[in-house]
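# Can you look at this prediction? I've put the sequence above it.
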Number of protein chains: 2
Amino acid sequence: MSINQATIKYATLEEALRTTADAGITSIGLWRDSVQAASLVGAARLLADSGLRFSSLCRGGFFTVPEGRARRAAMDDNRRAIEETATLAAAGASGSASVLVMVAGGIPQGSKDLVGARSMVQDALAELAPEAQAAGVTLALEPLHPMYASDRAVISTLKQALDLASPFPSSVVGVVVDTFHVWWDPELSEQIGRAGREGRIASYQVCDWATPLAADVLLSRHYPGDGVIDFRAITAAVEATGYAGDIEVEIFNQEIWDTAPATAIARTIEGFEANVAAHLRGPGAVVGR
Amino acid sequence: MSINQATIKYATLEEALRTTADAGITSIGLWRDSVQAASLVGAARLLADSGLRFSSLCRGGFFTVPEGRARRAAMDDNRRAIEETATLAAAGASGSASVLVMVAGGIPQGSKDLVGARSMVQDALAELAPEAQAAGVTLALEPLHPMYASDRAVISTLKQALDLASPFPSSVVGVVVDTFHVWWDPELSEQIGRAGREGRIASYQVCDWATPLAADVLLSRHYPGDGVIDFRAITAAVEATGYAGDIEVEIFNQEIWDTAPATAIARTIEGFEANVAAHLRGPGAVVGR
């Protein structure tokens, strides 16, 4: 199990690393804003000192921007994210993953061209893939729930992410399987199987879905077990592909953010053990291994 | 164009029929609660007197209930809905559609078995199809946006609805294409084409998608043109299948409900003409034909 830093959003990087390690967890996924706040060199040093593995950096992407200055800025920002990922993966403990989570971006302002926006993602991947490859970084495309299709991610299904990834080596472009985003998909087990065969599962993230959705639908994520997601089936499908990486818990939820980080992590471990780890057959079944 | 009664939710049946006809619209889709409030016989008489076509009844379904008394009650309620549909279709003006919109229902309370809930839908269709066929009613399965998958409809994509419909004659089990629910789907144009080839498009409904979503995500629907949906592409795909039925505008939106029904209908016509009718090649291009 890995704690994604967003689960304890208000902790500084230093606090996040310490609270995670103190809880006996051995891996963490980081966010760019907090890495940049500490400076990349500083963040890498803190991470190395923590002894934790690094499981992913959130996030690159947001390249559904028409060609021009704004798109060039977005591409440059993604180049920095690739560099940050490589640096952090090298600083993390043995078994760290050199994975940059990519969120596609929504439909450009004023446009209704969903199909065109999707092709911008394909073009951006083609531009970034050689640089990611050179840096040893996997760009992990994250399909987001279709309720975010207009303003956050025009990539809505695992199938679509795999189709976009298909022109590239699997070590360079992979996918994220995040239960919150894909649990509803009628083709989920089939596409997880395909992702496994194609060697593209770069990250497996878990949190739960419950209704009513929060007024800000971004913040509707819950501890595993507090909603309706069948973690047994999804986790078994992911494990059956041979995926042996960290399983990140990433929760955006105002109520959880308002609790002390150590409390949130304790509750996360509890939900993870009962609802996710309980269904693993491998050594990952114990938090901290 | 047809006005779905939900767009002017607070109007009584009588007001809804009159306001619709007064606006020069020739077709209406009705809701069961208001039909039942007027009694079926009374509603049929009001509809006949209005001279309007009847385009659909909302709604049957909600049969994701384990076998037992609650499921029997749900099935009986669907039988009444089939009867209501047949009665209203007979009472409506020439060209009325004998279509009952079906919303599947969510995951049963306390369950996490999405796959099992879906199979309950298949079983319910098998039970109801002979009765619908005998009554000359088309059961129109409506895939709902995946954000409703847990609590309202375990059928989330057009493909899934078509797969469920496939064992039955197309006159008995069809599908609804509602832009709000399916606009994001990467396989949309392919599945609309398939629905057309299989003769399954029983209803085409339009309204727009905009963010931020309303705090109650059920109420996030907008006048055509007020959001990001590419009505040109979707409408062209539907028309290319040969679909010549009414196009219903169905909007759940508190702000729109709070305006006078005549005002809401005038705005609906305006949005429809500019964003939907403008892309039709056939005679439907003029409201009221």
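Everything's here; your move.

# From chain B, how far off is the spatially most central residue of chain A?
The centroid of chain A falls nearest to A:Val101 when counting by C-alpha atoms, centre = their mean (5.0 Å). Noted for A:Val101: a distance of 20 Å to chain B, by C-beta to the nearest C-beta, to the nearest Å. C-beta coordinates here come from the backbone N, C-alpha and C atoms, glycine included.

# Over to A:Phe62?
15 Å.

# now swap in A:Leu57 and tell me
Taking C-beta to the nearest C-beta, one finds A:Leu57 at 26 Å from chain B.

# Could you pull up phi and psi at that residue?
phi -110, psi 130 (degrees, to the nearest 10).

# ok, now how distant is it from A:Asn4?
With distances taken as C-beta to C-beta, to the nearest Å, A:Leu57 is found 10 Å from A:Asn4.

# joint contacts of these two?
Residues touching both A:Leu57 and A:Asn4 (C-beta atoms under 8 Å, 6 or more residues apart in numbering or on different chains) are A:Gly29.

# wait, doesn't the residue nearest to the centre of chain A sit right on A:Ala140?
Yes - A:Val101 sits in contact with A:Ala140 when judged by C-beta atoms under 8 Å, with a separation of 5.1 Å.

# Overlap of the contact sets of those two?
Common neighbours of A:Val101 and A:Ala140, using C-beta under 8 Å, 6+ apart, are A:56, A:176, A:203.

# Check the secondary structure at the second one for me.
Just to be clear, that refers to A:Val176. Classification of A:Val176 by DSSP: H, G, I helix; E, B strand; the rest coil places it in strand.

# Grab the nearest non-local neighbour of it.
The spatial neighbour of A:Val176 that comes closest, neighbours along the chain excluded (C-beta to C-beta, 6 or more residues apart in numbering or on different chains), is A:Glu142 at 3.9 Å.

# what does A:Ala140 give?
The shortest distance from A:Ala140 to any non-neighbouring residue, by C-beta to C-beta, 6+ apart, is to A:Ala202 (3.7 Å).

# Over to A:Ile107?
In space, A:Ile107 is closest to A:Ala117, 5.0 Å off (C-beta to C-beta, 6+ apart).

# got a pLDDT number for that neighbour?
Reported pLDDT at A:Ala117 in the predicted model: 97.

# hmm, back to that, ok, so of the shared contacts of A:Val101 and A:Ala140, who is nearest chain B?
Closest approach between those and chain B, by C-beta to the nearest C-beta: A:Val176, at 17.0 Å.

# what about stretch A:74-89, distance to the chain center?
Remark: stretch A:74-89 is offset 15 Å from the chain centroid, using C-alpha atoms, centre = their mean, to the nearest Å.

# Just the residues contacting it, thanks.
With C-beta under 8 Å, 6+ apart, stretch A:74-89 has contacts from A:30, A:32, A:35, A:40, A:43-44, A:47, A:54, A:57, A:59-63, A:65, A:96-100, A:124, A:127-128, A:131-132, A:135-137, A:139.

# Give me the pLDDT for A:Cys207.
For A:Cys207, the model assigns a pLDDT of 97.

# Surely it is in contact with A:Ser220?
No - using C-beta under 8 Å, A:Cys207 makes no contact with A:Ser220, being 9.5 Å away.

# Look at the two and report which has more neighbours.
Set A:Cys207 next to A:Ser220 and count neighbours by other C-beta atoms under 10 Å in any protein chain shown: A:Cys207 wins out with 31 against 24.

# how about that one, what does it touch?
Contacts of A:Cys207 (C-beta under 8 Å, 6+ apart): A:178-180, A:221-224, A:249-251.

# if we can go back for a sec, tell me how many other residues crowd the residue nearest to A:Ile107.
Neighbours of A:Ala117 using other C-beta under 10 Å come to 25.

# Can you tell me how far it is from A:Ser150?
9 Å.

# number of nearby residues for A:Gly136?
14.

# before we move on, what about A:Ala74?
A:Ala74 has 19 neighbours, counted by other C-beta under 10 Å.

# Kindly indicate whether it is helix, strand or coil.
Per three-state DSSP, the local secondary structure of A:Ala74 is helix.

# how about the residues of the stretch 1-150 of chain A near chain B?
Residues of the stretch 1-150 of chain A lying close to chain B (C-beta under 8 Å from any C-beta of the partner chain) are A:107, A:111-115, A:118, A:145-147, A:149-150.

# same thing but at 10 Å, please
Taking C-beta under 10 Å from any C-beta of the partner chain as the criterion, the stretch 1-150 of chain A approaches chain B at residues A:106-107, A:110-118, A:143, A:145-150.

# So which of those residues sit within helices?
A:114-118 (DSSP state H).

# Adding distance to A:Ala215, write those residues out as CSV.
As requested, those are exported to CSV (distance: C-beta to C-beta, whole Å):
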residue, distance to A:Ala215
A:Leu114, 25
A:Val115, 31
A:Gly116, 31
A:Ala117, 26
A:Arg118, 29
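
# And the residues you listed, which of them are buried?
A:114, A:117-118 (16 or more other C-beta atoms under 10 Å in any protein chain shown).

# For B:Ala233, state which of these is nearest.
A:Leu114 (8.7 Å; C-beta to C-beta).

# got the contact list for that closest one?
Listed by C-beta atoms under 10 Å, 6 or more residues apart in numbering or on different chains, the contact partners of A:Leu114 are A:64, A:106-107, A:149-150, A:154, A:156, B:183-186, B:188, B:228-230, B:233.

# ok, so of those, who is nearest B:Gly24?
Using C-beta to C-beta, the contacts of A:Leu114 come closest to B:Gly24 at B:Ile229, 24.8 Å.

# Need the phi and psi values for the residue lying closest to the closest one once chain neighbours are set aside.
Using C-beta to C-beta, 6+ apart and skipping the chain neighbours, the partner closest in space to B:Ile229 is B:Trp183 (4.7 Å). When read as degrees, to the nearest 10, the backbone of B:Trp183 gives phi -60, psi -30.

# B:Trp183 is in contact with B:Pro224, isn't it?
No - using C-beta atoms under 10 Å, B:Trp183 is not in contact with B:Pro224, being 11.5 Å away.

# all helices of the stretch 151-289 of chain A, in order?
Along the stretch 151-289 of chain A, counting by DSSP state H, counting those that start in this stretch, helices occupy A:158-165, A:179-182, A:188-197, A:231-240, A:254-257, A:261-275.

# tell me, what's touching A:Ala117 and A:Ser150 both at once?
A:106-107, B:228.

# From these, list the buried ones, please.
Here, 16+ other C-beta under 10 Å leaves A:106-107, B:228 buried among the shared contacts of A:Ala117 and A:Ser150.

# all strands of the stretch 1-150 of chain A, in order?
For the stretch 1-150 of chain A, the strands defined by DSSP state E, counting those that start in this stretch cover A:2-4, A:27-31, A:53-61, A:99-103, A:138-141.

# CSV please, covering those and showing mean pLDDT.
Putting the strands of the stretch 1-150 of chain A into CSV (pLDDT from 0 to 100) gives the following:
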stretch, mean pLDDT
strand A:2-4, 97
strand A:27-31, 98
strand A:53-61, 97
strand A:99-103, 98
strand A:138-141, 98
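
# my guess is the residue nearest to A:Ala140 contacts A:Glu142, does it?
Yes - using C-beta under 10 Å, A:Ala202 is in contact with A:Glu142, at 9.4 Å.

# and the stretch 151-289 of chain A, which residues reach chain B?
A:151-152, A:154-157, A:159-160, A:163, A:181-189, A:208-218, A:220, A:225, A:227-233, A:275.
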